[in-house]
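*Asks:* got a sequence here, can you model it:
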Amino acid sequence: MAQNTLYYGDNLDILRRYVAQESVDLVYLDPPFKSNQDYNVLFEERNGSKSRAQIKAFEDTWTWDQGAAQAFAEVVENGPDAVSRAMQAFHTMLGPTDMLAYLSMMAPRLVELRRVLKPTGSIYLHCDPTASAHLRLLMDAVFGPDRLRTEIVWKRSTAHSDARQGRQQHGRIHDVILFYTKGAQWTWNQLHTPHDSAYVESHYRGVDRNGRRFMWDNLTGPGGAAKGNPFYEVLGVKGYWRYSQENMAKLIDEGRVAIPPKGKKPRLKRYLDQYPGVPLQSMWADISPINSQARERLGYPTQKPEALLERIVRASSNEGDLVLDPFCGCGTAVVVAQKLNRRWIGIDITHLAITLIKHRLRDSFGELEMKDGKVVPAVDYGVEGEPVAVADARHLAEEDPYQFQWWALGLVGARPAEGKRGADKGIDGRIYFHEDPEGKKTRQIVLSVKGGQTGVAHLRDLRGVVERENAEIGVLITLEKPTRPMLTEATEGGYYDSPTFGRFPRIQVLTVEELLEGKGIEYPRAMSATFKKAPKAERKGAKTKPMFPPG
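*Replies:* Okay, here's the model as predicted:
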């Protein structure tokens with residue numbers, strides 16, 4: 001198995017079955033609660049507006065029902081003593097509420113995340129203020145209150161519509177990131193941020209002939225002889241000094257000691273460029289959120305900026321360490337870990353998210369590269385939990401038709417259509433491609449996915465959808481092998497004649513078995529424009545470049 005792995009499934013089950021005890025160096029998780037939005041993947045229409053074809057991956061709703069009550073009982077009866085008592089206290093305080101349902105889901109997962117962390121490992125729990133207080137108490141129960149290192153405040157915007165006219169509360173412009181460690185010793189790399197410009201102007205007022213900014217710093221030894229400071233003469237001034245006479249002579253030779261204008265005592269020129277900046281503080285106001293203009297924006301509502309994850313990964317892990325994100329969504333933590341030469345594990349409960357991360361890895365790092373004279377995948381990773389045989393696919397179709405649909409569409413690089421039943425008008429997915437390198441002529445393929453019996457009627461319906469949607473190609477993906485009348489119906493659909501790329505069957509039928517064997521849709525794949533491409537990543541220490549551009 002590849003050292004990097006994407007897992008499809010419930011992260012609690014994946015953690016228990018696949019992730020070894022004390023094997024992970026860093027955990028980052030962003031499990032949202034009550035953020036007033038469904039977790040959809042939004043795609044842009046050709047004019048840049050939000051598409052009506054939104055895919056509901058999962059809803060950010062938590063209700064106290066039989067499942068929540070069962071999860072609560074399990075953690076109270078079988079969880080660690082401190083966690084059990086904390087959950088009982090939450091029940092007393094909150095009652096059978098949505099928040100208690102959420103905490104009942106989170107508690108066993110946090111217990112498992114502590115298990116898989118190395119003794120020197122760290123965990124960053126990202127949450128909005130709605131649930132941060134409750135999660136902090138739960139984290140105290142799991143890790144111990146003495147293991148809280150920092151409560152980080154990420155100022156994610158400067159103004160917010162929460163403070164709109166008539167709303168009697170403050171605008172909410174920050175998230176909370178709870179930084180805990182498993183043990184008393186942990187991996188830590190001190191990071192720095194640039195000095196505030198106002199601070200630089202007020203403190204580093206001097207500028208030498210080379211344009212270097214400096215400040216005049218005190219050289220006298222505090223406490224005098226009582227503190228062991230040496231006494232000698234410097235530039236005609238006798239006194240107790242911070243430095244030995246030998247070191248002081250070196251500073252004088254370097255031109256860094258002088259008596260300032262209007263000064264009476266020698267002082268040290270402390271240059272701004274000699275210091276890396278301000279040690280990283282608990283208020284992060286210098287990283288902007290993903291907005292509509294962000295180059296890395298993929299359309300995932302909960303997408304976090306790579307700069308935020310880079311800061312966390314750099315501070316709390318080293319190259320070669322293992323990073324885990326159990327709610328990986330569109331894969332920002334995975335991409336950042338790859339870019340910074342860390343190993344990684346990503347877990348998500350939807351095939352849609354897994355498909356998006358595959359696209360993002362390909363777009364960010366390329367498909368193939370040269371290494372030691374051989375062509376190898378640019379990113380070496382495995383995927384666990386996806387069907388690898390027809391029997392697996394059949395089981396998924398019976399268990400969860402929507403997940404089967406998203407998985408099947410992912411095999412051909414299609415984006416799912418709207419998830420609401422009956423609202424897609426016979427379209428389960430779409431593929432967009434361009435007829436010209438400039439991307440001015442956008443064409444589309446419509447897809448229908450069938451996990452059960454199929455027949456000629458489905459192909460006739462598909463032909464009607466192709467005409468109605470003014471699509472160039474229609475594709476039926478099916479678990480069952482097509483009958484001879486179905487193949488005849490597809491043939492009668494004619495051809496799409498591309499003025500640039502040649503002729504392609506207008507109606508195509510592909511079985512899941514064929515897709516698993518590597519067969520794909522016949523169309524101008526090199527010009528695919530279905531998903532917004534992630535920007536190319538510059539990997540730290542990378543010695544090779546992609547041979548072929550993603551397409």
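
*Asks:* quick one: the helices in the stretch 201-350 of the chain, in order.
*Replies:* 245-253, 306-316, 332-339 (DSSP state H, counting those that start in this stretch).

*Asks:* where is the longest helix in this structure?
*Replies:* Counting by DSSP state H, the longest helix found in the chain is helix 98-116.

*Asks:* single out the most deeply packed of the helices of the stretch 201-350 of the chain.
*Replies:* Mean neighbour count (mean count of other Cβ atoms under 10 Å) peaks for helix 332-339 among these, with a mean of 26. Any C-beta I mention is one placed from the backbone N, CA and C, and that applies to glycine too.

*Asks:* the stretch 301-450 of the chain: strands as residue ranges?
*Replies:* In the stretch 301-450 of the chain, the segments counted as strands under DSSP state E, counting those that start in this stretch are 322-325, 343-348, 368-371, 374-377, 381-384, 415-416, 429-434, 442-450.

*Asks:* format the ones you listed as a markdown table; extra columns: distance to Arg270 and mean neighbour count.
*Replies:* Listed next are these as a markdown table, based on distance: least, Cβ to Cβ, whole Å; neighbours: other Cβ atoms under 10 Å:
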| stretch | distance to Arg270 | mean neighbour count |
| --- | --- | --- |
| strand 322-325 | 38 | 25 |
| strand 343-348 | 41 | 26 |
| strand 368-371 | 45 | 14 |
| strand 374-377 | 49 | 11 |
| strand 381-384 | 47 | 16 |
| strand 415-416 | 56 | 26 |
| strand 429-434 | 57 | 22 |
| strand 442-450 | 58 | 22 |
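
*Asks:* got the phi/psi numbers for the most far-flung residue of the chain relative to its centre?
*Replies:* Within the chain, the residue lying farthest from the chain centre (Cα atoms, centre = their mean) is Gly236, at 60.9 Å. The phi/psi pair for Gly236 (degrees, to the nearest 10) reads phi 80, psi 0.

*Asks:* what do you get for Lys155?
*Replies:* With angles defined as degrees, to the nearest 10, Lys155 shows backbone torsions of phi -80, psi 100.

*Asks:* what is the burial count for Ala107?
*Replies:* Using other Cβ atoms under 10 Å, Ala107 is surrounded by 25 other residues.

*Asks:* any idea what sits nearest it, other than its immediate chain neighbours?
*Replies:* Leaving aside its chain neighbours, Ala107 sits nearest to Val75 (4.6 Å; criterion: Cβ to Cβ, 6 or more residues apart in numbering).

*Asks:* on the three-state scheme, the one you found is what?
*Replies:* helix (DSSP: H, G, I helix; E, B strand; the rest coil).

*Asks:* now do the contacts for it.
*Replies:* Val83, Ser84, Met87, Ser104, Ala107, Pro108, Val111 (Cβ atoms under 8 Å, 6 or more residues apart in numbering).

*Asks:* and of these, the nearest to Val27?
*Replies:* Val111 (12.5 Å; Cβ to Cβ).

*Asks:* out of the contacts of Val75, which is nearest to Cys328?
*Replies:* Using Cβ to Cβ, Pro108 comes nearest to Cys328 of the contacts of Val75, at 18.6 Å.

*Asks:* surely the closest one meets Leu12?
*Replies:* Yes - under the criterion of Cβ atoms under 8 Å, Pro108 makes contact with Leu12 at 5.9 Å.

*Asks:* which residue of those two possesses the greater neighbour count?
*Replies:* Neighbours were counted for Pro108 and for Leu12 using other Cβ under 10 Å; Pro108 has more, 20 against 16.

*Asks:* now the more buried one: closest residue in space that isn't a chain neighbour?
*Replies:* In space, Pro108 is closest to Val75, 5.3 Å off (Cβ to Cβ, 6+ apart).

*Asks:* how much space between the residue farthest from the centre of the chain and Gln245?
*Replies:* Relative to Gln245, Gly236 is positioned 15 Å away (Cβ to Cβ, to the nearest Å).

*Asks:* same check on Gly183?
*Replies:* Distance, Gly183 to Gln245, by Cβ to Cβ: 45 Å.

*Asks:* mind listing what Ala389 touches?
*Replies:* Leu516.

*Asks:* on that earlier part again, which of the helices of the stretch 201-350 of the chain sits closest to Arg136?
*Replies:* Across these, closest to Arg136 is helix 306-316 (Cβ to Cβ), at 17.6 Å.

*Asks:* give me the mean pLDDT for that closest one.
*Replies:* Averaged across helix 306-316, pLDDT comes to 96.

*Asks:* other SSEs contacting that helix?
*Replies:* strand 24-29, strand 117-127, helix 332-339 (3 or more Cβ pairs under 8 Å, 6 or more residues apart in numbering; DSSP states H and E).

*Asks:* surely Glu472 meets Arg506?
*Replies:* Yes - at 7.4 Å, Glu472 counts as touching Arg506 under the criterion of Cβ under 8 Å.

*Asks:* shared neighbours of the two, anything?
*Replies:* In contact with both Glu472 and Arg506: Val466, Tyr496, using Cβ under 8 Å, 6+ apart.

*Asks:* re the thing from before, would CSV of the contacts of Val75 with distance to Ile347 and pLDDT be doable?
*Replies:* Shown next, in CSV, are these (distance: Cβ to Cβ, whole Å; pLDDT from 0 to 100):
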residue, distance to Ile347, pLDDT
Val83, 21, 97
Ser84, 25, 97
Met87, 23, 97
Ser104, 19, 95
Ala107, 17, 97
Pro108, 14, 96
Val111, 16, 98
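
*Asks:* for Tyr251, which residues are in contact?
*Replies:* No, residue 251 isn't Tyr; it's Leu. Tyr243, Val257, Leu268.

*Asks:* again, but for Tyr18
*Replies:* Thr5, Tyr7, Glu384.

*Asks:* which residue is nearest the centroid of this protein?
*Replies:* Thr332 (2.1 Å).

*Asks:* from Phe179, how far off is it?
*Replies:* Thr332 is 18 Å from Phe179, by Cβ to Cβ.

*Asks:* ok, now Lys265?
*Replies:* According to Cβ to Cβ, Lys265 stands 43 Å off from Phe179.

*Asks:* so what's the backbone phi/psi at the nearest residue to Leu361 once chain neighbours are set aside?
*Replies:* Of all residues not flanking Leu361 in the chain, Val379 sits nearest, at 5.0 Å (Cβ to Cβ, 6+ apart). For Val379, the backbone dihedrals (degrees, to the nearest 10) come out as phi -130, psi 120.

*Asks:* what is the burial count for Val379?
*Replies:* By the criterion of other Cβ under 10 Å, Val379 has 21 neighbours.

*Asks:* wait, it sits on Ala337?
*Replies:* No - using Cβ under 8 Å, Val379 makes no contact with Ala337, being 10.7 Å away.

*Asks:* show me what contacts Arg267?
*Replies:* Trp216, Asp217, Asn218, Leu219, Val257, Ala258, Ile259, Pro260.

*Asks:* and the strands in the stretch 1-150 of the chain?
*Replies:* In the stretch 1-150 of the chain, the strands defined using DSSP E, counting those that start in this stretch lie at 4-8, 24-29, 39-41, 55-58, 117-127, 148-155.

*Asks:* most packed of those?
*Replies:* Comparing these by mean count of other Cβ under 10 Å gives strand 24-29 as most buried, with a mean of 25.

*Asks:* kindly reformat the contacts of Tyr18 as JSON lines containing distance to His458 and pLDDT.
*Replies:* As requested, the contacts of Tyr18 are exported to JSON lines (distance: Cβ to Cβ, whole Å; pLDDT from 0 to 100):
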{"residue": "Thr5", "distance to His458": "36", "pLDDT": "96"}
{"residue": "Tyr7", "distance to His458": "33", "pLDDT": "95"}
{"residue": "Glu384", "distance to His458": "32", "pLDDT": "92"}
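
*Asks:* tally of neighbours for the nearest residue to Asp392 once chain neighbours are set aside?
*Replies:* Leaving aside its sequence neighbours, Asp392 sits nearest to Glu386 (Cβ to Cβ, 6+ apart; 7.9 Å). Residues near Glu386, counting by other Cβ under 10 Å, number 19.

*Asks:* next one: Arg256
*Replies:* By other Cβ under 10 Å, neighbour count at Arg256 equals 16.

*Asks:* no further questions, thank you.
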